[in-house]
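Trainee: give me the fold of what follows.
(one chain, ligands or ions: 1)
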Amino acid sequence: MPRARPAAEVPGAAPIRTLAQLRAAENACRRCPLYRDATRAVPGEGARRARVMLVGEQPGDQEDLAGKPFVGPAGRMLDKALAEAGIDRKLAFVTNAVKHFKHEERGRRRLHKRPNAYEIEQCRWWLEIERRIVAPEAIVALGATAVRSVFGRTLAIARTRGRRLRLDDGTAGFVTVHPSFLLRLPDAESRQRAYRAFVADLRLVARMLRGSTA
Ligand code: URA
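Mentor: Just a heads-up that it's a prediction; the model follows:
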């Protein structure tokens, strides 16, 4: 059973108890400069009492425009892998370590830029509140930025994936690659191998949720 968590509190502001309140607060966020160039904040989305939370890096170009996480190419890859692993995205909560799209403009294109340690740290505030509201049993960090945010430090993905870890509050934590990593691989064979490993990592989470791993 998920542990009961207190209502999320923001000093000096009304308590944030619902995902709708959280969405509004994230959109008013000025904790780092990333809000200036983004269209909007992209809040996490999914079941209020989801048993699993998936954390990505930051919204991409399409997510920034849609205001929803993982709706572009990386999202389609994630959806496919989740379905294969037996995790229903509708029953999960999908979010990002950083809520605004960090990018640079090149002509008419907006090129993704990796969030830095300061931006990740400032945005952990929102992830913590999401965690308190949703209270998932398992949190899956997709890629290095998410690992840093969820675990509060860097971990080598190659050495930590495929295992059930424990977060400081007792929640089960899992580490795997970011779905965009698969999209960037140059040849079909390495893409297929990396995809199989990604699905295997997600299957471990699905097994835990079914109660068949200790
Ligand atoms: N990549 C992410 O990490 N998150 C998204 O929402 C989209 C792409």
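Trainee: so which bits of this structure are right by the ligand?
Mentor: Residues of the chain that fall close to the ligand, judged by C-beta under 6 Å from any ligand atom: 56-60, 63, 69-70, 72, 74-75, 96, 180. For every residue, glycine as well, the C-beta is placed using N, CA and C.
Trainee: residue of the protein closest to the ligand, please.
Mentor: For the chain, the nearest residue to the ligand under the criterion C-beta to the nearest ligand atom is Gly56, separated by 2.8 Å.
Trainee: tally of neighbours for Arg159?
Mentor: Around Arg159 there are 9 other residues, counting by other C-beta atoms under 10 Å.
Trainee: just the buried residues of stretch 168-182, please?
Mentor: When burial is assessed from 16 or more other C-beta atoms under 10 Å, stretch 168-182 yields the following buried residues: Thr171, Ala172, Gly173, Phe174, Val175, Thr176, Val177, His178, Pro179, Ser180, Phe181, Leu182.
Trainee: which elements pack onto the one helix or strand the last one maps to?
Mentor: In this structure, Leu182 sits in helix 179-184 according to DSSP states H and E. Based on contacts counted as 3 or more C-beta pairs under 8 Å, 6 or more residues apart in numbering; DSSP states H and E, the elements that helix 179-184 packs against are helix 73-85, helix 188-210.
Trainee: how far does it sit from its chain's centre?
Mentor: Between the mean C-alpha location of helix 179-184 and the chain-wide mean there is a distance of 15 Å, by C-alpha atoms, centre = their mean, to the nearest Å.
Trainee: same question, stretch 42-62
Mentor: 5 Å.
Trainee: what residues sit buried inside it?
Mentor: Judged by neighbour count using 16+ other C-beta under 10 Å, the buried positions of stretch 42-62 are 42-47, 50-60.
Trainee: then it to CSV, C-alphas only?
Mentor: Once non-C-alpha atoms are left out, stretch 42-62 reads as follows in CSV (Å, rounded to 0.1, in the frame of the first residue of the first chain):
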residue,chain,number,x,y,z
VAL,A,42,4.1,21.1,-18.9
PRO,A,43,2.7,19.5,-15.7
GLY,A,44,2.6,15.8,-15.1
GLU,A,45,-0.4,14.0,-16.3
GLY,A,46,-2.2,10.8,-15.4
ALA,A,47,-4.1,9.0,-12.7
ARG,A,48,-4.4,10.9,-9.4
ARG,A,49,-3.6,7.7,-7.5
ALA,A,50,-1.4,6.1,-10.1
ARG,A,51,0.6,3.2,-8.7
VAL,A,52,3.6,4.1,-11.0
MET,A,53,5.1,7.4,-11.8
LEU,A,54,7.3,7.8,-14.9
VAL,A,55,9.7,10.7,-14.9
GLY,A,56,11.3,12.0,-18.1
GLU,A,57,13.8,14.9,-18.6
GLN,A,58,11.8,17.9,-19.8
PRO,A,59,9.1,18.7,-22.3
GLY,A,60,10.2,18.8,-26.0
ASP,A,61,9.0,21.0,-28.7
GLN,A,62,5.7,19.2,-29.2
